[in-house]
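Q: sequence and predicted model, in that order:
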Amino acid sequence: MKITSRELRQKFLDFWRTKNHQIIASAPVVPENDPTVLFNTAGMQPLVPYLLGQEHPAGTRLADCQKCVRTVDLEEVGDDSHLSFFEMLGNWSLNDYFKKESIAWSWEFLTAPEWLNISPTKLAVTVFAGDNDAPRDDESADLWSQCGVPPHRIAYLGKKNNWWGPAGQTGPCGPDTEIFYWVGEGEPSLESNPGSDEDNWLEIWNNVFMGYLKNEKGEYLKAPRHNVDTGMGLERIVTVLNGVNTIYATDVFAEMIAKLEELAGQKF
Ligand code: SER
């Protein structure tokens, strides 16, 4: 195993410390004060009051590893990359930095030799294509270009893919930009990206630029604050960093599976 889930979790939090983020603990999986959902489905859930403007005691830059139960993906659980219970690594800007820093720092964490050292040729991104509610996110695409992402690795997709939130029916939301890792055979072809070749790219990180509020009428209103909410699936990133093709081959599950095989006296 090249990196364990424990090492990765630590590395992520250490990185955000170097960017002046305070580390906060995971909230319980069952929300304490949120009637809009049954479980914490994302790292943002326990932070909604602060995304709406309440002052957070730890400041305006936070990082965490939140336990999540995501029921919307239930049909996909059992494949190589979806879990109903998982941990989401996140960094947060509460009306502090926005797209420029968020994108540059995500790229640094993923590709810098002292952090994850992922080859940029294995990465591609998606950005919001724009619709009646919000414009196309050219700013994020430009920022990715400045990091060195070539135009053919940037896909523009609609709300279904590149908009996040609100977590319940109403609340903070906005366009997002997602980062994908190449899981296909060999090297990706020149024109391959997560829009044209979705089966060969695995989403590893989602940076949400929360500049909107959805109201009861279903309208998306410009929010008076700008927040950043990012979510990186701990189990997924450990999978790709170890060059294995399923979350069940990572240290998160492998030891348990080995024990079960021993007790059952057969290979699963
Ligand atoms: N809220 C976003 C998600 O869950 C990013 O953290 O993907």
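A: Yes, it's here.

Q: touching the ligand at all, stretch 163-183?
A: Yes: with CB under 6 Å from any ligand atom as the measure, stretch 163-183 is seen reaching the ligand through Trp164. To be clear about C-beta, it is placed using only N, CA and C from the backbone, and glycine gets the same treatment.

Q: any idea how far apart the tips of that stretch sit?
A: Start and end residues of stretch 163-183 are separated by 23 Å (CA to CA, to the nearest Å).

Q: what do you get for stretch 23-39?
A: Taking CA to CA, stretch 23-39 runs 22 Å from one end to the other.

Q: got it, and stretch 116-136?
A: For stretch 116-136, the end-to-end distance is 30 Å (CA to CA).

Q: report the buried residues of it.
A: Leu116, Ile118, Lys122, Leu123, Ala124, Val125, Thr126, Val127, Phe128, Ala129, Gly130, Ala134 (16 or more other CB atoms under 10 Å).

Q: ok, now stretch 58-69?
A: Neighbour-count burial for stretch 58-69 flags Ala58, Thr60, Arg61, Leu62, Ala63, Asp64, Cys65, Gln66, Lys67, Cys68, Val69 (criterion: 16+ other CB under 10 Å).

Q: which of the helices or strands spans the residue lying closest to the fourth one once chain neighbours are set aside?
A: Spelled out, that is Leu62. Nearest non-adjacent residue to Leu62, counting by CB to CB, 6 or more residues apart in numbering: Trp92, 4.2 Å away. Using DSSP states H and E, the element containing Trp92 is strand 85-94.

Q: does the ligand have contacts with that strand?
A: Yes: residues of strand 85-94 contacting the ligand under CB under 6 Å from any ligand atom: Gly90.

Q: repeat that for stretch 72-79.
A: No: Stretch 72-79 lies apart from the ligand when judged by CB under 6 Å from any ligand atom; the minimum separation is 10.3 Å.

Q: please compute how far that stretch lies from its chain's middle.
A: Taking CA atoms, centre = their mean, to the nearest Å, one finds stretch 72-79 lying 17 Å from the centre of the chain it belongs to.

Q: and it, C-alpha only, in PDB?
A: What follows is stretch 72-79, C-alpha atoms only, in PDB (Å, rounded to 0.1, in the frame of the first residue of the first chain):
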ATOM      1  CA  VAL A  72     -29.000   9.500  -3.400                       C
ATOM      2  CA  ASP A  73     -26.200   7.200  -4.700                       C
ATOM      3  CA  LEU A  74     -27.800   4.100  -3.300                       C
ATOM      4  CA  GLU A  75     -28.500   2.500  -6.700                       C
ATOM      5  CA  GLU A  76     -24.700   2.700  -7.400                       C
ATOM      6  CA  VAL A  77     -23.400   1.300  -4.200                       C
ATOM      7  CA  GLY A  78     -21.700  -2.000  -4.800                       C
ATOM      8  CA  ASP A  79     -19.800  -0.800  -7.900                       C
END
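
Q: quick one on the thing from earlier: state the pair within the buried residues of stretch 58-69 that is farthest apart.
A: Thr60 and Val69 (27.7 Å; CB to CB).

Q: so Glu261, which state does it fall into?
A: helix (DSSP: H, G, I helix; E, B strand; the rest coil).

Q: strands - which of the buried residues of stretch 116-136 land there?
A: Among these, the residues falling in strands (DSSP state E) are Leu123, Ala124, Val125, Thr126, Val127, Phe128.

Q: looking at the residues you listed, which is nearest the ligand?
A: Thr126 (12.6 Å; CB to the nearest ligand atom).

Q: which phi and psi does the one residue in the stretch 101-250 of the chain that gets nearest to the ligand have?
A: The minimum distance from the stretch 101-250 of the chain to the ligand, using CB to the nearest ligand atom, falls at Gly231 (2.4 Å). Main-chain dihedrals, Gly231, degrees, to the nearest 10: phi -140, psi 120.
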